[in-house]
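[1] here is a sequence with its predicted model. Questions after.
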Amino acid sequence: MVLSGARSRVERELVREWTATTYGENGVRVVTDDGRELAGALDGAGPDTTVVPVRVVWPPAERDSSDPPALTDLLSLSARRRGLRHAHARVRGWSASRGRVVAGDAATVEQLRREGDRELGAPDGAGFVAFVRRRATLACDRAERRLTGDRYKVPRLMAEQIVASAAVRERAAALAGELDLSVDEVLARTASCLAEMAAVQSPPAIETFRSVMSPLHRKAWDLDVDASSLESLREQGRARPLVFLPSHRSYADPLVLAEVLHAHDFPRNHVLGGNNLAFWPLGTLGRRAGIVFIRRSFGDDAVYKFAVREYFGHLLDKRFNLEWYIEGGRTRTGKLRPPKYGLLRYLVDAADQLPADSPGRDPLLVPVSLHYDQLHEVGALAAEQGGAGKKAEGLGWLAGYMRDQQRRIGSARIRFGEPIALRAALDEAGEGRSQLEKVAFRICVGINRSTPVTPTSVVTFALLGAGGRALTFEQVRGVVEPVRTLLERLPAIGDLGSDEALDDTLERLVSVGVVERFDGGPQTVWSIGADRHHVAAFYRNGVLHHLLTRAVLELALLAVVDTGRDLAGDAVLEACWEAALALRDLLKFDFFFSRKRDFRDELLAELDRLAPDWRDAIAAPDGPAVILGQADLLVAPGTLLPFVESQWVVASVLADHSGGLEDRDSFLDACTGLGQQWWRQQRLHGADVVSRELFSTALRAADNRGLLGADATPEARAAWRDEVAAIRDRLRRAGRREGELRAAVFGGVPGAGQQ
C-alpha cells in the first residue's frame, strides 16, 4: 500500500509514475491520506500488508547556504501547501528536479497497530487512522531531509501528538486530581497553551524569516566562526538533542547563531524567547521559523507549566534542538549575568519523564559564546545601568533598530564550548538544592572559556586603566603591549602587535564614540570619551574572565605580604590559598569561578607563568614580595577594583541603613546617589563603578550573608563594609604599583596612570 500525500494533479501523476517504476503495475494500491479512504484501506488490509508513505518534494535550487533565498526558492518550498497546488505545474516547468517523490520508512499494518497501542493505549478506529497519518508525515519528513539537508528538519503535528500520548494523558489525570478538574479539561487547556507557545515551523517560513530579518545583522557584522567543533557536534546531534545556551549581548544573537547553524546544515533550533517580542510581524513570522514565545512569568498557572514541561519532553524525545539564553536577558555590563534556572529546571523535569531508551533523557548542553567587536545598542544598555528605563519593543523600535544595523561595525565571533552531557553534569553536581545552580555555573564557565580575546576589549582595558588621561599613540602602545603579551597565549582575535592593527582598533572605537581623538595639538591623543566610561567598560569586561585568575593571584600574594608573617615554603602556598578563597567568596556573584579543585590548579598554573622560579622564591621569608616584584604588569586593579568598589558603595549605604530592606529600588537610588558623589570627589576608580547592575549584584552578596533582613545587626553590616574596604585599599595600592610600572610610558611620573 503506497500512502500518498499528493495535493494536486501534477503530484498525483508523479506518484503514479514513481509507483509504476518502483513496484510495477500489479499488487500495489495507491491510497491517499484522506481519513475516510485510509480508514477503509486499513480495515481491508491484512496484518502483513506493507504501508509505504510517499510525498512529492519541491526542493529549491542548489545555492550557497549563506545566500539569501531567491523568490523561486520560496515558491518551491511553499509548493506543498494546499493553497498553492495550482502552482505545481509552473514550478515543475522550471526544472524536472523540482518535483521529486520521496518514500519514508515502511511498516506493516501489524507493526503500526502494535506501535499505536504502545504510544496511544489501544486507539479506536479514528484514533488509529490519525496515528498512521502522523507516522506517515514524520516518516516523509525524515526522507525529505535526506534530500534537502537537516536545516529543514521541522516539527509536525506537535500539539496533536502531545495531547494524544497515553503517557501525557496519565500525567494530565494526576494534575486534574490536584486541580479538581476533569482530564479532558486539563488536556483542552494544555492544547490551548501549546497553540500559544509552540513553534509551527515550515521551510518557506524559515527562508522568509531569514530574508526579512537579515537587515538586522547581515550588514553590521562579518561572521567569524570557529567551525572546528561543529562537525563533531552535528554528528552527536543526530543521536541526541542539543541544547544551545549562548551568551546574550544583542537582540540579533538568535539571528546570528541561526545563520551559522544553517550554513553548517544543522536543523533549525527551537529558540525560547519572551512573549514581549511576539508583536507583528516578528511574532507571526518568527513562530513559523522556530521561535517559541513563552510568557515571561507563569505565576501559579499549573496547566501552563505542565504544557511547557510536556512540550520540552516532546522536543527532546524527537531530537529537536533547543536554544535559550541562560542569563535571562541581555548583559548590561559586557560580562555574563547570573544564570536563570527556571527553564533548566523544566528541561531536567521533562527529560526525567522520558522512557529510559529515549535519546532525550540525556541531551547535550552546548555553551556558546557570541562576542561582537562593537554593538550599536551598547549605548542604551549602558544608560540602563545609570537608571534609564528600557525602551519597550514594538514596530517602531524594530524599524529604528534595523536602521542602526545598516552600518558595518566589525565582526561577530561565534565560539562553541565543550558540550556537557546533562546526566553526567547532574550526577557530578550531586543531589540537593544547589544542583541546578552548579550545572548552570558550569555552563557559564564554558561560555567564558570559549569567549575570544578581541582587540577592542584589550584596548579599552588599557585605556580605562589610564585614569582618564589622554594618551599619545606611543603611550597607547605602551599600556596595551603588556596586556597583549600577557594574553597572547589565548586564542586572540586580530593582531595588536602592529601599529596598523592598533590604529585600526582605535579608529573603530572613535567611529562609535567610545574613544575621543584630539588632533588640535602637536600630537594626536586618544582618551575615553566624556560620559562613555560605561560603554568602554562594556567592551573591557569582555576580557576580564581571562584575567581573573591572574588578578586573584596578585591580590592573594599581596595579602600574604600585608600579614607581615614570617612564612616560607608550603605555608606561603596555604596562606595564598586562604586569601584567594576569601576573595573568591567576596566576588562569587560578580564572576564565574571554576570548582575549587580546578581553581587551585589554575592558580598554580598562573603562578608558574608569573614566576617560573617561585618554588625557590617561597623558600625565603620575603618570597611573596619577590614573586610580585617579577611582575611587569598588575591586572588586579583594572580587573577587580570596579566590582569591589561597587560593593563598597552598597556596603556603606547598608551600614547606615536601619531595619530590613523593603524597597530595593529606593535603596539602589541611594547607592547611585552616593556613587555619583564619590565619583565627583574622585574616591572611585571610574564612572563605571556607578552601575545599578553592579549594585544589584552586590545586594545579592549581602543577601547571601544574611545582611538584608530586619534581624541583621549593625555590627554585621559594618563588618562587611570594613572587609570590602580593606580589599579596596589593597587594590588601590596595587594600582599605584601598576602606575609606577607604567611611569616611563606616562613621562616618568610614578602613579600617573592611576587615580
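    Structure received.
[2] relative to residue 545, how far out is the nearest residue to residue 542 once chain neighbours are set aside?
    Distances taken as Cβ to Cβ, 6 or more residues apart in numbering put residue 457 closest to residue 542, at 4.3 Å, once the chain neighbours are dropped. C-beta: built from backbone N, CA, C; applies to glycine. In this view, residue 457 and residue 545 are 11 Å apart by Cβ to Cβ, to the nearest Å.
[3] comparing the two, which residue is more hemmed in?
    The neighbour count for residue 457 versus residue 545, taken as other Cβ atoms under 10 Å, is higher for residue 457 (27 against 20).
[4] doesn't that one lie inside a helix?
    Yes: assessed by DSSP: H, G, I helix; E, B strand; the rest coil, residue 457 belongs to a helix.
[5] contacting residues for it?
    By Cβ atoms under 8 Å, 6 or more residues apart in numbering, the contact set of residue 457 is 539-543.
[6] change it to 10 Å
    Contacts were defined as Cβ atoms under 10 Å, 6 or more residues apart in numbering; by that measure residue 457 touches 334, 371, 373, 451, 483, 487, 492-493, 505, 538-544, 546.
[7] which among these count as buried?
    By neighbour count, with 16 or more other Cβ atoms under 10 Å, the contacts of residue 457 hold 334, 371, 373, 451, 483, 487, 492-493, 505, 538-544, 546 as buried.
[8] restricted to helices, list those residues.
    When helices are assigned by DSSP state H, the members of these inside them are 483, 487, 505, 538-540, 544, 546.
[9] nearest to residue 237 among those residues?
    Set against residue 237, the nearest of those by Cβ to Cβ is residue 546 (29.0 Å).
[10] wait, that closest one sits on residue 484?
    No: using Cβ atoms under 10 Å, residue 546 makes no contact with residue 484, being 11.9 Å away.
[11] ok but residue 196 is inside a strand, no?
    No: using three-state DSSP, the assignment for residue 196 is helix, not a strand.
[12] next one, pLDDT for it please.
    Here the pLDDT value assigned to residue 196 is 84.
[13] what's the local residue count around the nearest residue to residue 264 once chain neighbours are set aside?
    Nearest residue to residue 264, sequence neighbours excluded (Cβ to Cβ, 6+ apart): residue 230, at 5.0 Å. Residues contacting residue 230 under the criterion other Cβ under 10 Å number 19.
[14] okay, the one helix or strand residue 230 maps to in CSV with CA atoms only?
    Using DSSP states H and E, residue 230 sits within helix 230-237. Provided in CSV are the C-alpha atoms of helix 230-237 (Å, rounded to 0.1, in the frame of the first residue of the first chain):
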residue,chain,number,x,y,z
LEU,A,230,30.8,21.9,14.6
GLU,A,231,31.4,18.6,12.6
SER,A,232,31.5,16.6,15.8
LEU,A,233,28.6,18.5,17.3
ARG,A,234,26.5,17.8,14.3
GLU,A,235,27.2,14.1,14.4
GLN,A,236,26.3,14.0,18.1
GLY,A,237,23.1,15.9,17.3
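[15] and that helix, what does it pack onto?
    If you count contacts as 3 or more Cβ pairs under 10 Å, 6 or more residues apart in numbering; DSSP states H and E, helix 230-237 packs onto strand 242-246, helix 253-263, strand 364-372, strand 411-416.
[16] so how far is it from its chain's centroid?
    Centre-to-centre, helix 230-237 and its host chain are 18 Å apart (Cα atoms, centre = their mean, to the nearest Å).
[17] so which bits of it are buried?
    For helix 230-237, burial by neighbour count (16+ other Cβ under 10 Å) applies to 230, 233-234, 237.
[18] from those, which is closest to residue 48?
    Nearest to residue 48 among those, with distances taken as Cβ to Cβ, is residue 237, at 35.9 Å.
[19] and the closest one, what does it touch?
    Contact analysis of residue 237 by Cβ under 10 Å, 6+ apart lists 150, 230, 261, 266-267, 319, 321, 363-364, 366, 419.
[20] how does the chain divide into domains?
    Using automatic domain parsing, the domain parsing of the chain gives 2-148, 195-450, 457-543.
[21] so for residue 584, which of those sits nearest?
    domain 195-450 (12.6 Å).
[22] now that closest one, how far from the chain's geometric center?
    That offset, for domain 195-450, works out to 5 Å (Cα atoms, centre = their mean).
[23] start at 414 instead
    Will do, 414 is the new start, and the previous item becomes domain 608-863.
[24] re the thing from before, as TSV, the domains of the chain with distance to residue 1157 would be great.
    Putting the domains of the chain into TSV (distance: least, Cβ to Cβ, whole Å) gives the following:
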stretch	distance to residue 1157
domain 415-561	49
domain 608-863	30
domain 870-956	7
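[25] looking at those domains, which is closest to residue 1064?
    Closest of those to residue 1064 is domain 608-863, at 19.0 Å (criterion: Cβ to Cβ).
[26] what about that closest one, how long is it end to end?
    37 Å (Cα to Cα, to the nearest Å).
[27] still on that earlier bit, residue 1155 is nearest to which of the domains of the chain?
    Per Cβ to Cβ, nearest to residue 1155 of the domains of the chain: domain 870-956, 6.2 Å.
[28] return the distance of that closest one from the chain's centre.
    27 Å.
[29] kindly report the same for stretch 1000-1013.
    Distance, centroid of stretch 1000-1013 to centroid of chain: 20 Å (Cα atoms, centre = their mean).
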